[in-house]
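A.B. asks: my questions concern the predicted model and sequence given below.
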Amino acid sequence: MIIEASAPTRVDLAGGTIDIWPLYLFHPNAATVNFAISLRARCRIETRDDGSVILESRDRGLSFETDLAGVAELVHEERLELISKLVHFFKPETGFHLVAESQAPAGAGLGGSSALAIACIGALNRLVGNRYEERRFITIAANVETTVIRVPAGFQDYYGAFYGGANCIHFRADGIEREKLQVDAAELERRLVICYTGEPRLSGINNWEMFKTHIEGDKVIFQLFEGIRDSAQRMRAALSAADWPEVSAIMSAAYPNRKRLAPNITTPHMERLVEKATRHGAEAAKVCGAGGGGCIAFICAEGMQESVARALAEEPDVQVLDWRFAPEGLTITEES
(Lines give C-alpha, C1' and ligand atoms only; values in the text may rest on other atoms or scores of the structure.)
Protein backbone atom coordinates (compact mmCIF):
# COMPACT_ATOMS: atom_id res chain seq x y z
CA MET A 1 0.00 0.00 0.00
CA ILE A 2 1.18 3.51 -0.83
CA ILE A 3 -0.26 6.54 0.97
CA GLU A 4 0.59 10.07 -0.12
CA ALA A 5 -0.43 13.23 1.73
CA SER A 6 0.41 16.88 1.23
CA ALA A 7 -0.42 20.17 2.91
CA PRO A 8 0.32 23.77 1.90
CA THR A 9 2.50 26.26 3.71
CA ARG A 10 1.15 29.74 4.41
CA VAL A 11 1.88 33.46 4.46
CA ASP A 12 0.72 35.18 7.65
CA LEU A 13 -0.58 38.67 6.97
CA ALA A 14 -1.69 39.83 10.42
CA GLY A 15 -2.26 38.55 13.94
CA GLY A 16 0.88 36.50 14.44
CA THR A 17 1.88 35.42 17.98
CA ILE A 18 -1.55 36.20 19.37
CA ASP A 19 -2.47 32.68 18.19
CA ILE A 20 -0.50 31.12 21.07
CA TRP A 21 -2.52 29.81 24.02
CA PRO A 22 -3.29 31.46 26.40
CA LEU A 23 -2.28 34.88 25.01
CA TYR A 24 -5.41 35.23 22.87
CA LEU A 25 -7.61 34.81 25.95
CA PHE A 26 -6.45 38.21 27.22
CA HIS A 27 -7.47 39.98 24.00
CA PRO A 28 -11.18 39.66 23.13
CA ASN A 29 -11.82 39.22 19.38
CA ALA A 30 -8.26 37.99 18.83
CA ALA A 31 -7.72 36.73 15.29
CA THR A 32 -5.05 35.80 12.79
CA VAL A 33 -5.24 36.20 9.00
CA ASN A 34 -3.24 34.06 6.60
CA PHE A 35 -3.44 32.39 3.20
CA ALA A 36 -2.06 29.11 1.91
CA ILE A 37 0.50 28.92 -0.87
CA SER A 38 1.46 26.21 -3.33
CA LEU A 39 4.79 25.32 -1.69
CA ARG A 40 3.62 22.10 -0.06
CA ALA A 41 4.94 19.67 2.51
CA ARG A 42 4.60 16.03 1.46
CA CYS A 43 4.59 12.67 3.18
CA ARG A 44 4.75 9.34 1.33
CA ILE A 45 4.32 6.03 3.13
CA GLU A 46 4.90 2.66 1.51
CA THR A 47 4.15 -0.39 3.61
CA ARG A 48 6.69 -3.22 4.01
CA ASP A 49 6.27 -6.89 4.85
CA ASP A 50 9.49 -7.26 6.85
CA GLY A 51 8.54 -5.18 9.90
CA SER A 52 11.17 -2.53 9.18
CA VAL A 53 10.37 1.12 9.86
CA ILE A 54 12.40 3.56 7.76
CA LEU A 55 12.08 7.32 8.30
CA GLU A 56 13.59 9.62 5.69
CA SER A 57 13.76 13.36 5.08
CA ARG A 58 14.70 14.25 1.52
CA ASP A 59 15.28 17.91 2.45
CA ARG A 60 17.81 17.06 5.13
CA GLY A 61 19.34 14.08 3.36
CA LEU A 62 18.82 12.04 6.52
CA SER A 63 17.26 8.65 7.12
CA PHE A 64 17.40 5.92 9.72
CA GLU A 65 15.83 2.54 10.32
CA THR A 66 14.27 0.75 13.25
CA ASP A 67 11.61 -1.93 13.62
CA LEU A 68 8.13 -2.13 15.07
CA ALA A 69 9.50 -2.86 18.54
CA GLY A 70 11.67 0.25 18.24
CA VAL A 71 8.66 2.52 17.61
CA ALA A 72 8.15 2.74 21.38
CA GLU A 73 11.57 4.41 21.69
CA LEU A 74 10.96 7.00 18.96
CA VAL A 75 9.56 9.40 21.55
CA HIS A 76 13.19 9.93 22.62
CA GLU A 77 14.65 10.02 19.09
CA GLU A 78 16.35 13.32 18.18
CA ARG A 79 16.93 12.49 14.53
CA LEU A 80 13.93 13.69 12.49
CA GLU A 81 12.35 14.49 15.83
CA LEU A 82 8.93 15.70 14.64
CA ILE A 83 8.39 12.70 12.38
CA SER A 84 9.71 10.32 15.04
CA LYS A 85 7.34 11.65 17.67
CA LEU A 86 4.38 11.45 15.28
CA VAL A 87 5.18 7.83 14.42
CA HIS A 88 5.45 7.09 18.14
CA PHE A 89 2.07 8.72 18.70
CA PHE A 90 0.29 6.62 16.04
CA LYS A 91 2.17 3.36 16.83
CA PRO A 92 1.60 1.61 13.49
CA GLU A 93 1.51 -2.18 13.54
CA THR A 94 2.99 -2.76 10.09
CA GLY A 95 6.38 -1.98 8.64
CA PHE A 96 6.71 1.00 6.34
CA HIS A 97 9.03 3.48 4.66
CA LEU A 98 8.08 7.12 5.27
CA VAL A 99 9.58 9.84 3.07
CA ALA A 100 9.01 13.50 3.98
CA GLU A 101 9.91 16.57 1.96
CA SER A 102 8.98 20.23 1.71
CA GLN A 103 9.00 22.65 -1.20
CA ALA A 104 9.52 25.61 1.15
CA PRO A 105 13.08 26.53 2.18
CA ALA A 106 14.15 25.42 5.64
CA GLY A 107 13.53 28.08 8.28
CA ALA A 108 11.47 30.17 5.84
CA GLY A 109 8.83 31.30 8.35
CA LEU A 110 6.08 29.88 6.13
CA GLY A 111 4.83 27.30 8.62
CA GLY A 112 6.71 24.47 6.93
CA SER A 113 7.07 22.26 9.99
CA SER A 114 3.37 22.65 10.78
CA ALA A 115 2.41 21.78 7.21
CA LEU A 116 4.68 18.73 7.41
CA ALA A 117 3.04 17.72 10.69
CA ILE A 118 -0.43 17.91 9.12
CA ALA A 119 0.70 15.94 6.05
CA CYS A 120 2.36 13.24 8.18
CA ILE A 121 -0.65 13.00 10.48
CA GLY A 122 -2.93 12.58 7.48
CA ALA A 123 -0.78 9.78 6.07
CA LEU A 124 -0.12 8.02 9.38
CA ASN A 125 -3.77 8.17 10.38
CA ARG A 126 -4.69 6.49 7.10
CA LEU A 127 -1.99 3.86 7.75
CA VAL A 128 -3.56 2.92 11.10
CA GLY A 129 -7.08 2.70 9.68
CA ASN A 130 -8.33 6.27 10.22
CA ARG A 131 -8.11 6.00 13.98
CA TYR A 132 -8.84 9.70 14.53
CA GLU A 133 -11.43 11.99 12.99
CA GLU A 134 -9.87 14.68 10.81
CA ARG A 135 -11.21 17.42 13.09
CA ARG A 136 -8.66 16.26 15.69
CA PHE A 137 -5.61 16.61 13.41
CA ILE A 138 -4.88 20.21 14.36
CA THR A 139 -4.88 19.49 18.09
CA ILE A 140 -2.62 16.47 17.60
CA ALA A 141 -0.22 18.50 15.44
CA ALA A 142 0.01 21.38 17.92
CA ASN A 143 0.51 19.12 20.91
CA VAL A 144 3.17 16.94 19.31
CA GLU A 145 5.05 19.87 17.74
CA THR A 146 5.10 21.66 21.10
CA THR A 147 7.08 18.74 22.54
CA VAL A 148 9.58 19.18 19.68
CA ILE A 149 10.12 22.95 19.80
CA ARG A 150 9.77 22.96 23.61
CA VAL A 151 7.83 26.21 23.71
CA PRO A 152 4.09 26.78 23.21
CA ALA A 153 3.05 26.40 19.57
CA GLY A 154 0.77 28.88 17.83
CA PHE A 155 -2.29 27.47 16.10
CA GLN A 156 -2.62 29.50 12.91
CA ASP A 157 -0.18 27.47 10.79
CA TYR A 158 -2.15 24.25 11.18
CA TYR A 159 -5.34 25.87 9.93
CA GLY A 160 -3.68 27.12 6.76
CA ALA A 161 -2.16 23.68 6.19
CA PHE A 162 -5.35 21.76 6.92
CA TYR A 163 -7.86 23.94 5.08
CA GLY A 164 -5.83 25.84 2.47
CA GLY A 165 -7.31 29.04 1.02
CA ALA A 166 -7.48 32.36 2.85
CA ASN A 167 -8.33 32.22 6.52
CA CYS A 168 -9.31 34.33 9.46
CA ILE A 169 -8.81 32.21 12.57
CA HIS A 170 -10.86 33.49 15.50
CA PHE A 171 -9.64 32.72 19.03
CA ARG A 172 -12.30 32.66 21.74
CA ALA A 173 -12.78 31.26 25.21
CA ASP A 174 -15.07 28.54 23.85
CA GLY A 175 -12.61 27.44 21.17
CA ILE A 176 -10.96 28.32 17.88
CA GLU A 177 -13.00 28.89 14.72
CA ARG A 178 -11.75 29.12 11.15
CA GLU A 179 -13.52 31.55 8.83
CA LYS A 180 -12.93 31.03 5.11
CA LEU A 181 -12.24 34.39 3.47
CA GLN A 182 -13.30 35.07 -0.08
CA VAL A 183 -10.35 36.80 -1.72
CA ASP A 184 -9.27 37.75 -5.21
CA ALA A 185 -6.56 35.11 -5.57
CA ALA A 186 -5.36 36.36 -8.95
CA GLU A 187 -4.87 39.88 -7.63
CA LEU A 188 -3.10 38.53 -4.55
CA GLU A 189 -0.69 36.69 -6.84
CA ARG A 190 -0.11 39.86 -8.88
CA ARG A 191 0.48 42.04 -5.83
CA LEU A 192 2.76 39.94 -3.63
CA VAL A 193 6.44 39.09 -3.90
CA ILE A 194 7.79 36.57 -1.40
CA CYS A 195 11.53 36.23 -1.00
CA TYR A 196 13.66 33.94 1.09
CA THR A 197 16.46 35.98 2.64
CA GLY A 198 18.94 33.13 2.79
CA GLU A 199 18.96 33.44 6.58
CA PRO A 200 16.99 30.59 8.18
CA ARG A 201 15.45 31.28 11.57
CA LEU A 202 14.62 29.00 14.47
CA SER A 203 10.89 28.83 15.02
CA GLY A 204 9.61 29.96 18.37
CA ILE A 205 12.59 31.95 19.69
CA ASN A 206 11.10 35.41 19.10
CA ASN A 207 7.59 34.20 19.95
CA TRP A 208 8.78 32.71 23.24
CA GLU A 209 10.39 36.00 24.31
CA MET A 210 7.17 37.87 23.54
CA PHE A 211 5.13 35.19 25.28
CA LYS A 212 7.13 35.42 28.50
CA THR A 213 7.04 39.20 28.58
CA HIS A 214 3.28 39.23 28.03
CA ILE A 215 2.61 36.63 30.74
CA GLU A 216 4.80 38.59 33.15
CA GLY A 217 2.36 41.50 32.77
CA ASP A 218 4.31 44.06 30.75
CA LYS A 219 1.78 46.82 29.98
CA VAL A 220 3.58 48.03 26.86
CA ILE A 221 3.60 44.50 25.42
CA PHE A 222 -0.08 44.13 26.30
CA GLN A 223 -0.95 47.23 24.29
CA LEU A 224 1.16 46.07 21.36
CA PHE A 225 -0.81 42.81 21.35
CA GLU A 226 -4.02 44.83 21.34
CA GLY A 227 -2.64 46.44 18.18
CA ILE A 228 -1.87 43.02 16.68
CA ARG A 229 -5.49 42.02 17.34
CA ASP A 230 -6.81 45.20 15.74
CA SER A 231 -4.54 44.82 12.69
CA ALA A 232 -5.87 41.33 12.08
CA GLN A 233 -9.48 42.51 12.21
CA ARG A 234 -8.68 45.32 9.78
CA MET A 235 -6.83 42.92 7.48
CA ARG A 236 -9.80 40.56 7.44
CA ALA A 237 -12.06 43.36 6.25
CA ALA A 238 -9.56 44.75 3.73
CA LEU A 239 -8.85 41.38 2.11
CA SER A 240 -12.53 40.52 1.87
CA ALA A 241 -13.21 43.87 0.19
CA ALA A 242 -10.14 43.61 -2.10
CA ASP A 243 -9.08 46.99 -0.70
CA TRP A 244 -5.39 46.81 -1.62
CA PRO A 245 -4.45 50.33 -0.45
CA GLU A 246 -5.83 49.38 2.96
CA VAL A 247 -3.94 46.06 2.94
CA SER A 248 -0.72 48.00 2.28
CA ALA A 249 -1.53 50.57 4.97
CA ILE A 250 -2.16 47.85 7.57
CA MET A 251 1.11 46.10 6.76
CA SER A 252 3.03 49.39 6.81
CA ALA A 253 1.65 50.32 10.22
CA ALA A 254 2.28 46.85 11.66
CA TYR A 255 5.94 46.65 10.61
CA PRO A 256 7.41 49.15 13.15
CA ASN A 257 5.14 47.84 15.91
CA ARG A 258 6.42 44.33 15.30
CA LYS A 259 9.97 45.63 15.65
CA ARG A 260 9.04 47.24 18.97
CA LEU A 261 7.59 43.95 20.12
CA ALA A 262 10.67 41.94 19.06
CA PRO A 263 13.67 44.03 17.96
CA ASN A 264 15.42 40.96 16.53
CA ILE A 265 12.51 40.12 14.21
CA THR A 266 14.64 41.62 11.43
CA THR A 267 18.34 41.41 10.71
CA PRO A 268 20.45 44.12 9.04
CA HIS A 269 20.30 42.07 5.85
CA MET A 270 16.50 41.97 6.00
CA GLU A 271 16.36 45.73 6.57
CA ARG A 272 18.45 46.31 3.45
CA LEU A 273 16.11 44.10 1.43
CA VAL A 274 13.08 46.03 2.64
CA GLU A 275 14.71 49.34 1.73
CA LYS A 276 15.65 48.12 -1.74
CA ALA A 277 12.23 46.64 -2.43
CA THR A 278 10.59 49.89 -1.36
CA ARG A 279 12.73 51.84 -3.82
CA HIS A 280 11.56 49.56 -6.61
CA GLY A 281 7.84 49.66 -5.97
CA ALA A 282 7.01 47.76 -2.79
CA GLU A 283 4.43 49.53 -0.65
CA ALA A 284 4.79 47.44 2.52
CA ALA A 285 6.67 44.47 3.94
CA LYS A 286 5.66 41.64 6.27
CA VAL A 287 8.26 39.44 7.91
CA CYS A 288 6.88 35.91 7.73
CA GLY A 289 6.50 33.93 10.92
CA ALA A 290 8.55 34.74 14.00
CA GLY A 291 11.24 36.58 12.02
CA GLY A 292 14.95 36.80 12.66
CA GLY A 293 15.48 35.43 9.16
CA GLY A 294 13.35 33.44 6.78
CA CYS A 295 10.98 35.06 4.28
CA ILE A 296 9.61 38.53 3.70
CA ALA A 297 6.35 39.17 1.86
CA PHE A 298 6.05 42.46 -0.03
CA ILE A 299 2.85 44.14 -1.21
CA CYS A 300 3.67 45.92 -4.44
CA ALA A 301 2.12 48.92 -6.11
CA GLU A 302 0.01 48.03 -9.13
CA GLY A 303 2.21 46.90 -11.99
CA MET A 304 5.42 46.91 -9.90
CA GLN A 305 5.68 43.25 -8.90
CA GLU A 306 8.26 42.37 -11.56
CA SER A 307 10.39 45.40 -10.69
CA VAL A 308 10.46 44.40 -7.03
CA ALA A 309 11.19 40.76 -7.84
CA ARG A 310 14.09 41.67 -10.16
CA ALA A 311 15.63 43.99 -7.57
CA LEU A 312 15.50 41.35 -4.85
CA ALA A 313 16.83 38.61 -7.13
CA GLU A 314 19.98 40.68 -7.67
CA GLU A 315 20.95 40.21 -4.02
CA PRO A 316 23.34 37.36 -3.11
CA ASP A 317 21.67 34.33 -1.51
CA VAL A 318 18.17 35.81 -1.91
CA GLN A 319 15.60 33.55 -3.55
CA VAL A 320 12.40 35.01 -4.98
CA LEU A 321 9.87 32.24 -4.50
CA ASP A 322 7.67 30.92 -7.28
CA TRP A 323 4.31 30.47 -5.59
CA ARG A 324 0.59 30.43 -6.25
CA PHE A 325 -2.45 30.80 -4.03
CA ALA A 326 -3.42 27.35 -2.74
CA PRO A 327 -7.19 26.89 -2.39
CA GLU A 328 -6.82 23.25 -1.32
CA GLY A 329 -5.56 22.13 2.07
CA LEU A 330 -4.63 18.63 3.21
CA THR A 331 -4.94 15.96 0.52
CA ILE A 332 -4.56 12.21 1.06
CA THR A 333 -4.45 9.49 -1.61
CA GLU A 334 -4.07 5.75 -1.26
CA GLU A 335 -3.35 2.92 -3.66
CA SER A 336 -2.98 -0.78 -3.01
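C.D. replies: Structure received. Numbering: from 1, shown residues only.
A.B. asks: neighbours around Cys22, how many?
C.D. replies: No, residue 22 isn't Cys; it's Pro. 12 (other C-beta atoms under 10 Å). Using the backbone N, CA and C atoms, a C-beta is placed for each residue, glycine as well.
A.B. asks: oh, I was asking about Ala69
C.D. replies: Ala69 has 9 nearby residues by other C-beta under 10 Å.
A.B. asks: try Asp174
C.D. replies: 5.
A.B. asks: got the phi/psi numbers for it?
C.D. replies: Main-chain torsions, Asp174, degrees, to the nearest 10: phi -90, psi 10.
A.B. asks: how far away is it from Leu25?
C.D. replies: As judged by C-beta to C-beta, to the nearest Å, Asp174 and Leu25 stand 11 Å apart.
A.B. asks: other SSEs contacting the helix or strand bottoming out on mean pLDDT in the chain?
C.D. replies: Here the helix or strand of the chain ranked lowest by mean pLDDT, DSSP states H and E is helix 205-215, holding a mean of 79. When contacts are defined as 3 or more C-beta pairs under 8 Å, 6 or more residues apart in numbering; DSSP states H and E, helix 205-215 sits against helix 219-240.
A.B. asks: and the helix it packs on, how far from the chain's centre?
C.D. replies: 19 Å (C-alpha atoms, centre = their mean, to the nearest Å).
A.B. asks: in stretch 144-161, what's buried?
C.D. replies: Residues of stretch 144-161 classed as buried: 144-145, 148-149, 151-161 (neighbour count, 16 or more other C-beta atoms under 10 Å).
A.B. asks: ok, now stretch 88-99?
C.D. replies: His88, Phe89, Phe90, Pro92, Gly95, Phe96, His97, Leu98, Val99.
A.B. asks: with distance to Tyr196, secondary structure and pLDDT added, can I get these in a markdown table?
C.D. replies: Listed next are these as a markdown table, based on distance: C-beta to C-beta, whole Å; DSSP: H, G, I helix; E, B strand; the rest coil; pLDDT from 0 to 100:
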| residue | distance to Tyr196 | secondary structure | pLDDT |
| --- | --- | --- | --- |
| His88 | 32 | helix | 98 |
| Phe89 | 31 | helix | 98 |
| Phe90 | 32 | helix | 98 |
| Pro92 | 34 | coil | 97 |
| Gly95 | 37 | strand | 97 |
| Phe96 | 32 | strand | 98 |
| His97 | 30 | strand | 98 |
| Leu98 | 26 | strand | 98 |
| Val99 | 23 | strand | 98 |
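A.B. asks: hang on, the earlier thing: ok and the least confident helix or strand of the chain relative to helix 219-240, angle-wise?
C.D. replies: 120 degrees (axes from the mean of the first three to the mean of the last three C-alpha atoms, to 10 degrees).
A.B. asks: how far does helix 205-215 sit from its chain's centre?
C.D. replies: Distance, centroid of helix 205-215 to centroid of chain: 18 Å (C-alpha atoms, centre = their mean).
A.B. asks: repeat that for stretch 5-21.
C.D. replies: Using C-alpha atoms, centre = their mean, the offset of stretch 5-21 from its chain centre is 4 Å.
A.B. asks: what residues are up against the most centrally placed residue in the chain?
C.D. replies: Closest to where the C-alpha atoms of the chain average out (C-alpha atoms, centre = their mean) is Gly111, at 1.7 Å. Neighbouring residues of Gly111 by C-beta atoms under 8 Å, 6 or more residues apart in numbering: Thr9, Arg10, Asp12, Gln156, Asp157, Gly160, Ala161, Gly289.
A.B. asks: that older thread, quick one: which of the buried residues of stretch 144-161 is nearest to Ala185?
C.D. replies: Checking the buried residues of stretch 144-161 against Ala185 with C-beta to C-beta, the nearest one is Gly160 at 14.2 Å.
A.B. asks: nearest to Gly129 among the contacts of Gly111?
C.D. replies: Ala161 (22.7 Å).
A.B. asks: name the element that closest one belongs to?
C.D. replies: Assigned by DSSP states H and E, Ala161 falls within helix 156-163.
A.B. asks: continuing past that helix, what's the next helix or strand?
C.D. replies: By DSSP H and E, the next helix or strand past helix 156-163 is strand 166-172.
A.B. asks: so how far is that following strand off the chain centroid?
C.D. replies: On C-alpha atoms, centre = their mean, the centre of strand 166-172 falls 14 Å from the chain's centre.
A.B. asks: which residues does the strand or helix carrying Glu179 contact?
C.D. replies: Counting by DSSP H and E, the element that carries Glu179 is strand 175-181. Here strand 175-181 makes contact (C-beta under 8 Å, 6+ apart) with 33, 35, 155, 159, 163, 165-170, 236, 239-240.
A.B. asks: how about stretch 65-72?
C.D. replies: With contacts defined as C-beta under 8 Å, 6+ apart, stretch 65-72 is touched by 51-55, 73-74, 87-88, 91-95.
A.B. asks: and the helix holding Ala161, what's its mean pLDDT?
C.D. replies: Regarding helix 156-163, the rounded mean pLDDT is 97.
A.B. asks: now do that helix: which elements does it pack against?
C.D. replies: strand 2-14, strand 30-48, helix 112-127, helix 137-149, strand 166-172, strand 175-181.
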